[in-house]
Structure formats: C-alpha cells, structure tokens
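Engineer: only geometry, no sequence info:
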DNA sequence: GTCTATAGCCCGATAGAC
DNA sequence: GTCTATCGGGCTATAGAC
C-alpha cells in the first residue's frame, strides 16, 4: 500500500481495497438517502474522494456498485443469521432469532437494512435475485417447513406461512425506517414478534 | 369536443379530458413496467399520442403526472373499500373486506395496486403522503381500535396490530405482482386472510 | 492503475408559430 | 390550447496523458 500526498491536493487513498470500501460506503449512503437514480457518478466521486477513472476501473458502472453492495449486505446478513441460529433449538426460537436480527439491524444499521430489503433493486440492477429468494429467506422457509412437520406450526402451505411471517415481521421495520411508527420499534419488538408467531403457530 | 384529422397525420384526440385520461393511462403502464425514472417524457408523448406541449399544459411536469395518478388510484380504492364496508358488521368481516379488496384488485388491476401500494413514491414525488397514512389505512386502524375495545382483538397497541395485519396481508400481494408466489394468490387467499386474523384476534 | 477533461447522448422543460 | 423544434444542462462513460 502506497500513500501519496499530491502537491496542493487532498490526500488520496491509494490502496485499491480502501478505495472499494470508500466507494461502496459513500454510494450506499447516497443511494439510501436520495434514491439510486438521483445519485450521479460525480456525486459519488466527490463523496468518496475516489476519481471517476478509478471508480470505473474498480466497478465498471454505477449499476455494478449497487450490485456489489447488495451482495455484500446479503452475505453479511446471512452470516449473522447463521450465527444466531446456532443457539436455537425450537421453531419458535429460530423464527424469533430472524426477527430479532432484523429489528436490531434496523436500529444499528438502518441504511444496510433499507438497501438490502426495501429498495426496489429491479428498478436499477439488471438480473438481480429478488430479496425473498436470497439465502436467508430460503433458510427461513426450511425452518417453517420443519415447523409444520413437527407440529409447531399449523398445517398448510409452508410458502404461505413463510410469506405471512415475513410480511408481519418486515413491515414494522420498513415503517420504522420511514419514521412512521408512533412508538419506537425497540419498545414494540416483542409485540410484533408475538403477533407474527400467533399468525402461524398451532 | 372537436375532432380534427390533420392531413397526412394520425387522428389526434382534442377533448382535454380524453387527453388527461390517455396520458395518465399510458404513463401509468410505463411507470409500472419500467420504473418512474426510466420513463422519459418523449416516451409518454409517443405512447399516449398527446404532444409534449399539451402534456405540459395539462400537467406541468412529469412528477405531477405521477402525483395525479396516485391521488386518483387512492381515491378510487377508498370508494371501493367504503362500499364493501357497508355490508359488514363484525371486526372480522371488516378486516376481511379490506384484504379481499386488495387481493381482488391485485388480480383485476395489478398495475393499479402496484403503483398505489408498492412503488417508492418518495423517490419521485415530493411531499407525497406515505401510503400507510392515506384514508383507507386510517379507516383500517379505526376498525382495529374498535376491535380491541370490543374484545375481538387482543389487548395491546392498536397501531402495532394494524401494522402486523397490513404486513401479513400486503406482502402476498406484493409477491404475487412480482410473480414470486409458487401458488396463485387466488387459491391461497383464505389461508392468508386467516393467518393475518390469527395474528391479532383474541 | 490513476488521474483530468470531455465526448456524446438524452433528458425535462420551454419558446414561439398557429 | 396545441403544435413542433429546440435549448440548456447534467448524465454515464471513455480517452489519453502520466
């Protein structure tokens, strides 16, 4: 890694990995704040401190920045989810760990959750996997399938159950991010999780 | 209303009301199909058969087309909802009529539901009322408040109940529109409605 | 690999004849 | 009110020096 102080210029980050980080980081904030289409490449250049040329060299296009960001966030979410699942035995606990992870991250990393779950990726990323077909949601469906098999969850279409559960869990997070909940999510977490569970339990 | 057949030109619609209709109609389709930001004014001009000048005279801006569309759809939805509420007495019936309306319209007018409920209006319409603060959703919350008061719905925060219910009801519609449900929504409607009710009933 | 400068395009909106 | 023609601007992406 080489650092260079150009005469009369800002310090530039030379390490390519730091550049990638910086671009993803600032693009992320801007995308969430203004919406993908209202963020221009010059704006990303200015915010990240990385030049147009370097950005195109590293990512190839604005769309690709968004794609990379999406992959990174989904992957990281999946790791956290698997981590939490370790300590769970019952269907209830496993589903609860999913919901708690969503709600905690909604508080701790709102922009991450917003980009990963609530932006309309199909509007700006070609051939993107829909959110509910990503790994964490597949795992959730398996948990629900098993839950039906072992009698923890009412008999019925497991996909329907999964959609109900995720609908009941995700909407509070979405409204929290839009500042539309009159009560802070942290105070109503349990109520939301119990409601969602009541929707599908035996 | 005057109709004019220009020499060597297409027939032009002259009645201003028909023009408004045509613009809203074609813009609506394009917005849903491609996303607001990927629809250009020239594209709306071509699709609607109304000239640039006339469009700007009638609506003033592209954003205003979207705004008008949103108002129209919400208003029309509210009328249908009130209509259906007439025949309902119990809390269960009232909530069910909301869900059935959503699901029927998802089948009969998918573009209408998609634009009204699932586009990120804040990304392209300034100062737009969030969907969940529009009249139909307010009415829904009142129904739930009454339901708690009369013991049909579990004690608790009425707003939380409303968010859970709408989350559980809306997500199936959203996934249906994205063609992500393995089973047609029409076949699983009852299951979804029962799940959502189970989430909040006493 | 990285920079600056800019090409080339298409956008939303307007001007001005009718 | 409605049309066509076009403006000014900002965009993504590239060219070319280093």
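Structural biologist: Structure's in. What do you need? Just so you know, these numbers come straight off a predicted model, no measurement behind them.
Engineer: Quick check: buried residues in the helix with the most length in chain A?
Structural biologist: Criterion DSSP state H: the longest helix present in chain A is helix A:62-85. Of all the residues in helix A:62-85, those buried under the rule 16 or more other Cβ atoms under 10 Å in any protein chain shown are A:62, A:65-70, A:72-74, A:77-78, A:81, A:84. Yep, even glycine has a C-beta here, placed from its N, CA and C like the rest.
Engineer: packing partners for that helix?
Structural biologist: If you count contacts as 3 or more Cβ pairs under 8 Å, 6 or more residues apart in numbering or on different chains; DSSP states H and E, helix A:62-85 packs onto helix A:16-34, helix A:41-48, helix A:52-59, helix A:91-108, helix A:110-113, helix A:135-149.
Engineer: sorry, back to before: quick check, nearest of the buried residues of helix A:62-85 to residue A:54?
Structural biologist: residue A:65 (12.3 Å; Cβ to Cβ).
Engineer: re the thing from before, and chain B, which of the helices and strands packed on helix A:62-85 is closest to it?
Structural biologist: For these, proximity to chain B was assessed by Cβ to the nearest Cβ; helix A:16-34 is nearest, at 8.5 Å.
Engineer: Mind listing residues that contact that closest one?
Structural biologist: Helix A:16-34 has contacts (Cβ atoms under 8 Å, 6 or more residues apart in numbering or on different chains) with A:1, A:13, A:39, A:43-44, A:47-50, A:54-55, A:58-59, A:65-66, A:68-69, A:72, A:111-112, A:114-115, A:119.
Engineer: before we move on, the earlier item: show me the two of the buried residues of helix A:62-85 that sit farthest apart.
Structural biologist: With distances taken as Cβ to Cβ, the most widely separated pair in the buried residues of helix A:62-85 is A:62 and A:84, at 33.9 Å.
Engineer: Next, the buried residues of stretch A:127-137.
Structural biologist: Buried residues in stretch A:127-137 (16+ other Cβ under 10 Å): A:128, A:131-132, A:134, A:136-137.
Engineer: Pipe those residues into a markdown table and attach pLDDT and distance to residue A:199 per row.
Structural biologist: Formatted as a markdown table, the buried residues of stretch A:127-137 follow (pLDDT from 0 to 100; distance: Cβ to Cβ, whole Å):
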| residue | pLDDT | distance to residue A:199 |
| --- | --- | --- |
| A:128 | 95 | 29 |
| A:131 | 96 | 20 |
| A:132 | 96 | 17 |
| A:134 | 97 | 22 |
| A:136 | 98 | 19 |
| A:137 | 98 | 17 |
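Engineer: Determine which two of those are furthest apart.
Structural biologist: Greatest spatial distance among the buried residues of stretch A:127-137 (Cβ to Cβ): A:128 and A:136, at 15.4 Å.
Engineer: Give me the residue at the spatial middle of chain A.
Structural biologist: The C-alpha lying nearest the average C-alpha coordinate of chain A belongs to residue A:116 (Cα atoms, centre = their mean; 2.9 Å).
Engineer: Show the model's pLDDT score for that one.
Structural biologist: In the predicted model, residue A:116 carries a pLDDT score of 98.
Engineer: nearest spatial neighbour of it, skipping sequence neighbours?
Structural biologist: Spatially, and ignoring its direct neighbours in sequence, residue A:116 is nearest to residue A:73 (4.2 Å; Cβ to Cβ, 6 or more residues apart in numbering or on different chains).
Engineer: Show me the domain layout of chain A.
Structural biologist: Each domain of chain A is listed here as a residue range: A:10-60, A:69-200, per automatic domain parsing.
Engineer: Which one of those domains lies nearest to DNA strand D?
Structural biologist: Smallest distance to DNA strand D across the domains of chain A (Cβ to the nearest atom of the strand): 3.3 Å, for domain A:10-60.
Engineer: Show me what from chain A comes close to DNA strand D.
Structural biologist: A:39-43, A:52-53, A:56, A:61-63 (Cβ under 7 Å from any atom of the strand).
Engineer: Need these in JSON lines (columns: pLDDT and distance to residue A:191).
Structural biologist: Below are the residues of chain A next to DNA strand D laid out as JSON lines (pLDDT from 0 to 100; distance: Cβ to Cβ, whole Å):
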{"residue": "A:39", "pLDDT": "96", "distance to residue A:191": "36"}
{"residue": "A:40", "pLDDT": "95", "distance to residue A:191": "42"}
{"residue": "A:41", "pLDDT": "96", "distance to residue A:191": "44"}
{"residue": "A:42", "pLDDT": "95", "distance to residue A:191": "45"}
{"residue": "A:43", "pLDDT": "96", "distance to residue A:191": "40"}
{"residue": "A:52", "pLDDT": "95", "distance to residue A:191": "49"}
{"residue": "A:53", "pLDDT": "94", "distance to residue A:191": "52"}
{"residue": "A:56", "pLDDT": "95", "distance to residue A:191": "48"}
{"residue": "A:61", "pLDDT": "96", "distance to residue A:191": "44"}
{"residue": "A:62", "pLDDT": "96", "distance to residue A:191": "41"}
{"residue": "A:63", "pLDDT": "96", "distance to residue A:191": "40"}
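Engineer: Go back to those residues and keep what's next to DNA strand C.
Structural biologist: Among the residues of chain A next to DNA strand D, the residues within reach of DNA strand C (Cβ under 7 Å from any atom of the strand) are A:52-53.
Engineer: Let me see the confidence value for residue A:8.
Structural biologist: Residue A:8 is assigned 36 on the pLDDT scale.
Engineer: Residue A:159 is in what secondary structure piece?
Structural biologist: If you go by DSSP states H and E, residue A:159 is part of helix A:158-177.
Engineer: chain center to the helix or strand following that helix, what's the gap?
Structural biologist: Next in sequence after helix A:158-177, counting helices and strands by DSSP H and E, comes helix A:185-200. Its chain's average C-alpha position is 20 Å from that of helix A:185-200, according to Cα atoms, centre = their mean, to the nearest Å.
Engineer: does any part of helix A:185-200 sit near chain B?
Structural biologist: Yes - contact of helix A:185-200 with chain B (Cβ under 8 Å from any Cβ of the partner chain) involves A:188, A:191-192, A:195-196, A:198-200.
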